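Asker: what's the 3D shape of this:
(chains A and B)
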Amino acid sequence: MTPAHRIRNFSIIAHIDHGKSTLADRLLDLCGALQERERREQFLDKMELERERGITIKAQSVRLEYKANDGETYQLNLIDTPGHVDFQYEVSRSLAACEGALLVVDATQGVQAQTVANVYMAIDNDLEIVPVLNKMDLASADTERVKEEIEEIIGLDVSEALPISAKEGKGVAEVLEAIVQRIPPPEADLEAPLSALIFDSWYDNFRGVMILVRVMAGTLRVREMIHLWSSEAEYEVQEIGVFSPHYEKVDELRAGEVGVVVGGIKEIGEAKVGDTLTHAHRRCEARLDGFKEIKPVVFAGLFPSDSKDYGALREALEKLKLNDGSLTFEPETSEALGFGFRCGFLGLLHMEIMQERLEREHDIDLVVTAPSVRYRCHTADGKMFEIENPSRLPAAGKLEFVEEPYIDATIHIPEAYVGQVMKLCEEKRGIQKSLQYPSKERVVVSYELPLAELVADFYDKLKSATRGYASLDYEMSGFRRNKLIKLDILVNGDPLDALAMICHEDTSYYRGRDLCRKLKELIPRQMIEVAIQAAIGTKVIARTTVKALRKNVTAKCYGGDISRKRKLLEKQKKGKKRMKQFGSVEIPQEAFLAVLKLDS
Amino acid sequence: MVNVCVEKLKDSVDFGIYIHYPLCRRRCGYCDFATLRDPDFPHVAYTQRVLQEAEFRGEQFKEWPLRSIYFGGGSPSLWASREMAQVVAGLRSMFTIARDGVEVTVECNPQDVGRRELAGFVEAGINRLSVGAQSFDDEMLHRLTREHDTKRTRRCIMDARKVGFENLSIDLIYGLRGQDTDHHLEQLEQLLAFTPEHVSVYALTLAAEAPLRKAGEGVVDDDASAGMLLATVDFLGTAGYAHYEVSNFAQEGRTSAHNEGVWRGRPYLGLGANAHSMLWNQGRNVRCANPESSRYMNAPMQRSAPMFHVRGAELEELSTGASRHEMLMLGMRTRRGVKESEYEARFGGTMDAHFGAALNQLQAEGLLRKDQGAWCPSTHGMFFADAVALRLASP
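Answerer: Just a heads-up that it's a prediction; the model follows:
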């Protein structure tokens, strides 16, 4: 049993590719936690998808035993955090479980926007920050410039920054010593009523929901009854465990410690991230600070390419939901796409990940509609309702006004790109909030932007306008009233509901024209002419035509041609599954995302 | 080939033999066929080898009526006529001849043959000549990297008539970039001066890696190509040629018996290097591709039940569903379509039972029609044969 003064809880803050996972692996290695055969790269990133994208989606935690230079053995809990702006809230809760954090900065790259946001969050949580300069083995490492950035942008003292090369293992021992010496131990009142912070939860097929907690006060033992604050659910603790890094059962978790609680919980929604877990018979006085109900902000229709897969899609979504309380879905019917679901996500990356998991792990071919946001519709009689599907927006005359969600976006860019970025933000209906020069070369631009613009193509545009040098961070800022109208797309005279979009009145003509043009590129020529129209209400504002094919036939079909032809047809037939039949027109899946690919 | 269905059919179902001669003087810039350029090509040994293969593999076609022999390539017109004569005589003695006789065709490049060679072909028992004219415009021939000029083509065709060919087919290519419908119609007009019994008109198709494409040549766009095909159908129709397959036109009774067999889904035995065969096994199609020439010459013959083949041949047995689809895919390229009785005899079920929904839908769209016990394409449907075949493919 480790006394609280020999416990250190810390996380690692780093931008993608700055070496967080590599450093974590080295720490595990030095503490003797890994077998030789386990020393594969990035042990902590469990899911295949995460490994491929090089980012961590779910939080993880590892308990390490470290024999320090003072001769004592310390319990180090490394709390890994998700690494993307879509998962900001989860990051904040993981940080709340720590007393300190390693700030890892790539010495060849410097400080990135997302890192800054996370460090501020760590400082808000009163964490001790230990700056670490990684990739010192590279010739392009510019220690002085990066130190200057850390001081100027973040305002941290860098006199004791640790130069390391996680890849080569250099300086990692010093990092462990710094964790012990510089990060404070947790406060630990073992006798107080139990309060534990839930900072992650996931579903295990055998054990049910597993809750990752940091015990803030008191002691939790197996067989005790627990109470989950916001769901008011009560369960008996069946098992307590820690990852070191393999799962091991333990008898208790004491104040200051981190571990997993299993209580036969079936619904992940009962164990919300940020919530408080306490004893049923002796509750703590108040819920731990910082809890938020997180709500999806990006919505898209997910439809099975083959309508027979509807049931399979529902089952797959239910399974994903077991592990991801932030995913929402409800049945939706589209005239064009049939039966499917309108799903809510935390952001675009979250949406992409879910889509990939559905297709890869559950083997369901999907047609996904362009992502949308949640609009507030206000009627003349003072009523308000929300819509998440653009095709549901009532005609202009029936509404008093419409509000759309806005974000506060913070963009870090090298000075040279300020002009382009400001131009882009203005085009995307942004409202400038500030422009700061924290160092000579770097600029921080803040804009209030409609979330709908971000969800459309803002991020891609930003990347291309700045050759990838920009980093973007955002949070929801509220709703604003705008002149928003519904743009319908008609195919051979019939509105195609899945292509309807909501846009600002001032840009509607251009959006309609560009969308018609893009659809003309994406819809292949077929045996009949396809007329594509953009309309507001009954008024057609743009039109293009996909001319009918005049023939579709192979000239020669003898001997070896025959096998080739048949195989080609079989391949095309498979490809056709990804087309949707709308009347007698075939529409490829990409067309439903056309709105994301407009050039304007 | 023990098969109840085939046993029952064999009196009425004939078969064809395709013989591949791989040698070419040089490769044309648009060609992706199996060809070979080898001055020391062992054609005497090749002849013996083809006959040996026929002897061995022909076992499975004993008692089937032989309706056609087709020399393709490569350039079979480079084969010495006395050797072809041996092949024709050998095959005639091995198999039962069909009631309508055997159609014996050789593909012929104008530059390969003079009157003496053509006379030799007639003597060898060849009764149909398919001349690769391709164009009657020297500039276009040059751009297509053909070795002959129009003068040579004219002489070849006239010589063929003089030595006694009464069944002549002429090939044309259209759609080289820059060609328009008027130019194409001029070519057809010049071709008709020879009143061939049969005409093949092919849209130029260039694979991505075709040398012609690398040389900067290209094809006209789809709309222009469709316009030219439509003009061809009108023009040749007026001149008395029936449009009986996507790219083929014939005077009354002069369709290519060999190719009709292929498109009706009838079996054919492919002999020689790279030759393709189509065989039947229990209601399934078996496609077989012989190995290339050097392996072909030396590999032993073998039998892996129930097929006889050259070792190294690629065998592909289609599923019943794919075999059925293949019959429709090929049939719907032809005016006669697919006869319900032929389909039922082959597969033991009706087309309506197997493809009913798709057939009816295609009929409603005007692409197919049901006509005197057959499902056949409309003219419009023939222009969309690939789309029709795709719709008929099983998911």
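Asker: and the residue of chain A nearest chain B?
Answerer: Closest residue of chain A to chain B, CB to the nearest CB: A:Arg550 (3.3 Å). (C-beta placed from N, C-alpha, C; glycine too.)
Asker: which ones are touching B:Phe121?
Answerer: Contacts for B:Phe121 (CB atoms under 8 Å, 6 or more residues apart in numbering or on different chains) come out as B:Ser81, B:Met84, B:Val106, B:Val113, B:Leu129, B:Val163, B:Phe165.
Asker: now secondary structure, pLDDT and neighbour count too, for the residues you listed, in TSV please.
Answerer: Putting the contacts of B:Phe121 into TSV (DSSP: H, G, I helix; E, B strand; the rest coil; pLDDT from 0 to 100; neighbours: other CB atoms under 10 Å in any protein chain shown) gives the following:
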residue	secondary structure	pLDDT	neighbour count
B:Ser81	helix	92	22
B:Met84	helix	96	27
B:Val106	strand	97	27
B:Val113	coil	93	25
B:Leu129	strand	98	28
B:Val163	coil	97	17
B:Phe165	coil	97	22
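Asker: closest to chain A out of these?
Answerer: B:Val106 (15.1 Å).
Asker: hang on, the closest one packs against B:Leu129?
Answerer: Yes: using CB atoms under 8 Å, B:Val106 makes contact with B:Leu129 at a distance of 6.2 Å.
Asker: helix/strand/coil for the closest residue to chain A within the stretch 151-300 of chain B?
Answerer: Nearest residue of the stretch 151-300 of chain B to chain A: B:Ala226, at 3.3 Å (CB to the nearest CB). Counting by DSSP: H, G, I helix; E, B strand; the rest coil, the backbone at B:Ala226 sits in helix.
Asker: could you report the neighbour count for it?
Answerer: 19 (other CB atoms under 10 Å in any protein chain shown).
Asker: surely it touches B:Phe384?
Answerer: No: using CB under 8 Å as the test, B:Ala226 is too far from B:Phe384 to be in contact (10.2 Å).
Asker: from the contacts of B:Phe121, which is closest to A:Glu65?
Answerer: Looking at the contacts of B:Phe121 and their distance to A:Glu65, the nearest is B:Val106, at 86.4 Å (CB to CB).
Asker: work out for me the element B:Gly72 sits within.
Answerer: Assigned by DSSP states H and E, B:Gly72 belongs to strand B:65-73.
Asker: for that strand, list every residue counted as buried.
Answerer: Neighbour-count burial for strand B:65-73 flags B:Pro65, B:Leu66, B:Arg67, B:Ser68, B:Ile69, B:Tyr70, B:Phe71, B:Gly72, B:Gly73 (criterion: 16 or more other CB atoms under 10 Å in any protein chain shown).
Asker: make JSON lines out of these and add pLDDT.
Answerer: Converted to JSON lines, these look like this (pLDDT from 0 to 100):
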{"residue": "B:Pro65", "pLDDT": "95"}
{"residue": "B:Leu66", "pLDDT": "96"}
{"residue": "B:Arg67", "pLDDT": "97"}
{"residue": "B:Ser68", "pLDDT": "98"}
{"residue": "B:Ile69", "pLDDT": "98"}
{"residue": "B:Tyr70", "pLDDT": "98"}
{"residue": "B:Phe71", "pLDDT": "97"}
{"residue": "B:Gly72", "pLDDT": "95"}
{"residue": "B:Gly73", "pLDDT": "87"}
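Asker: so which of those are also by chain A?
Answerer: Among those, the ones lying near chain A by CB under 8 Å from any CB of the partner chain are B:Gly72.
Asker: helices along the stretch 251-400 of chain A, start to end?
Answerer: Under the criterion DSSP state H, counting those that start in this stretch, the stretch 251-400 of chain A contains helices at A:310-323, A:348-360.
Asker: which one of these is the most hemmed in?
Answerer: With neighbours defined as mean count of other CB atoms under 10 Å in any protein chain shown, the helices of the stretch 251-400 of chain A peak in mean count at helix A:348-360, which reaches a mean of 19.
Asker: which residues touch that helix?
Answerer: Outside helix A:348-360, the residues within contact range by CB under 8 Å, 6+ apart are A:49, A:57, A:84-87, A:298, A:300, A:302, A:313, A:316-317, A:320, A:324, A:326-327, A:343, A:345, A:364-366, A:368, A:371, A:455, A:459.
Asker: quick check: bridge partners of B:Glu245?
Answerer: On the basis of DSSP bridges, B:Glu245 is bridged to B:Asn248, B:Thr334.
Asker: doesn't B:Thr334 make contact with it?
Answerer: Yes: taking contacts as CB under 8 Å, B:Glu245 lies within contact range of B:Thr334: 4.9 Å.
Asker: now A:Ile407: how far from A:Ile431?
Answerer: Distance, A:Ile407 to A:Ile431, by CB to CB, to the nearest Å: 11 Å.
Asker: need the residues touching each of these two.
Answerer: In terms of CB under 8 Å, 6+ apart, A:Ile407 and A:Ile431 are both contacted by the residues A:Glu448, A:Leu449.
Asker: give me the more crowded residue out of the two.
Answerer: The residue with more neighbours, out of A:Ile407 and A:Ile431, is A:Ile407; 25 against 13, by other CB under 10 Å.
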